[in-house]
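> sequence first, predicted model second:
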Amino acid sequence: MNRLAHRIVTCLGMAVVLVTAGLLSATPAQARDVNLWFNHQFYGGGDAFDTYDYSQKTRSEDYVDWPVSLIFFNNATVPKVKAPLSSVMPHTGSLKYAWVRGSWDQDRGIKQYPGQCEEWAPVNYHMRVYAPSNTDRMYNTYYGYFVVATTHMDYREGCSGQWFGESEAAEDFVLREFVNRGYHYWSDWTYLGNAENNGHLQSNGRASEVSIP
Ligand SMILES: [Ca+2]
C-alpha cells in the first residue's frame, strides 16, 4: 500500500470507527478520568483492540494503564518492533495487559533503564507492544499485519519524587528512534479517542504510525 492510499483509508477509518467502537460514559474513575473506547477497529474490518492497556485483566476505567499511542503496520510483529530498539531500550518493566483480537495479551515492554533509581538518568521511556500471543500480530485489510503499543515515561523511578506519565513525549521518543533508522512514519496520524490532559497524564489521542517492512 502506498503512502497516499494509506492516508485515504486512515481518513475513512476515522469516520467508520464512530460506528464500530462503543463509547462508555466517563465515570469518576478510581485513578483515571478517561473516555474509554472499547475494541477499536480500523476501516476495512479485521482485528480489533482496546485503546488502553490495563494493570490487570479487567476492561474497566479503574484499571486503565496507558493509552495506545503507536501503530506498527505493513508486516509488523511484536519481535520485529522491539528488535530495532534493543540497544536503546534494553530493559523490561512490570507486566501489563491488553485486549487484542478478543483475548488478553501481556507484556513487560522495553525501557531505557532498569528503573532502580538511576539518579543520573531521571527520564526513562517505556513502551509495551501487544498482539495476540499465538501470532504476535493482528491483521487488517489496509494496514496489513499490525501491532499496537502504549508508551509512557518513568520519571525518577525508584527514587523520591517518582512519577509516571507523559505518554505523548514517550511516543515522540520512540518515533524518533524509528525515524533515525529510516522507517517510514506518520506522526500523530490515527485518531483513537484516548486523549488525556491531567497532570503528568498526557496524550493527544492520536497515534503515530510506523511501517515495518
Ligand atoms: Ca500522539
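All right, it came through fine. Everything numeric in this text was worked out from a predicted model, so none of it was measured.

> go through the helices and strands of the protein and name the one with the lowest mean pLDDT.
strand 22-23 (a mean of 34; mean pLDDT, DSSP states H and E).

> quick check: buried residues in stretch 43-63?
43, 46-54, 59, 61, 63 (16 or more other C-beta atoms under 10 Å). Any C-beta I mention is one placed from the backbone N, CA and C, and that applies to glycine too.

> likewise stretch 66-77?
In stretch 66-77, counting by 16+ other C-beta under 10 Å, buried: 66-74, 76-77.

> again with stretch 147-165
147-157, 164-165.

> say whether the ion is contacted by it.
No. Stretch 147-165 is not in contact with the ion by C-beta under 5 Å from the ion; minimum separation 8.8 Å.

> heads up, I number from 27, so please use that
Yep, numbering from 27; the last one is stretch 173-191 now.

> please save the CA atoms from that stretch in PDB.
Extracted in PDB, the C-alpha atoms of stretch 173-191 (Å, rounded to 0.1, in the frame of the first residue of the first chain):
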ATOM      1  CA  VAL A 173       0.600  -4.500  16.400                       C
ATOM      2  CA  VAL A 174      -0.200  -1.700  18.900                       C
ATOM      3  CA  ALA A 175       1.900  -0.100  21.500                       C
ATOM      4  CA  THR A 176       1.400   2.000  24.600                       C
ATOM      5  CA  THR A 177       4.100   4.500  25.800                       C
ATOM      6  CA  HIS A 178       4.900   6.400  28.900                       C
ATOM      7  CA  MET A 179       7.800   7.900  30.900                       C
ATOM      8  CA  ASP A 180       9.000   6.600  34.200                       C
ATOM      9  CA  TYR A 181      10.400   9.600  35.900                       C
ATOM     10  CA  ARG A 182      12.900   9.100  38.800                       C
ATOM     11  CA  GLU A 183      11.600   5.600  39.100                       C
ATOM     12  CA  GLY A 184      12.700   4.100  42.400                       C
ATOM     13  CA  CYS A 185      13.800   7.500  43.800                       C
ATOM     14  CA  SER A 186      12.000  10.000  45.900                       C
ATOM     15  CA  GLY A 187       9.600  12.100  43.800                       C
ATOM     16  CA  GLN A 188       9.000   9.500  41.200                       C
ATOM     17  CA  TRP A 189       6.000   9.800  38.800                       C
ATOM     18  CA  PHE A 190       4.800   8.100  35.600                       C
ATOM     19  CA  GLY A 191       3.100   9.700  32.600                       C
END
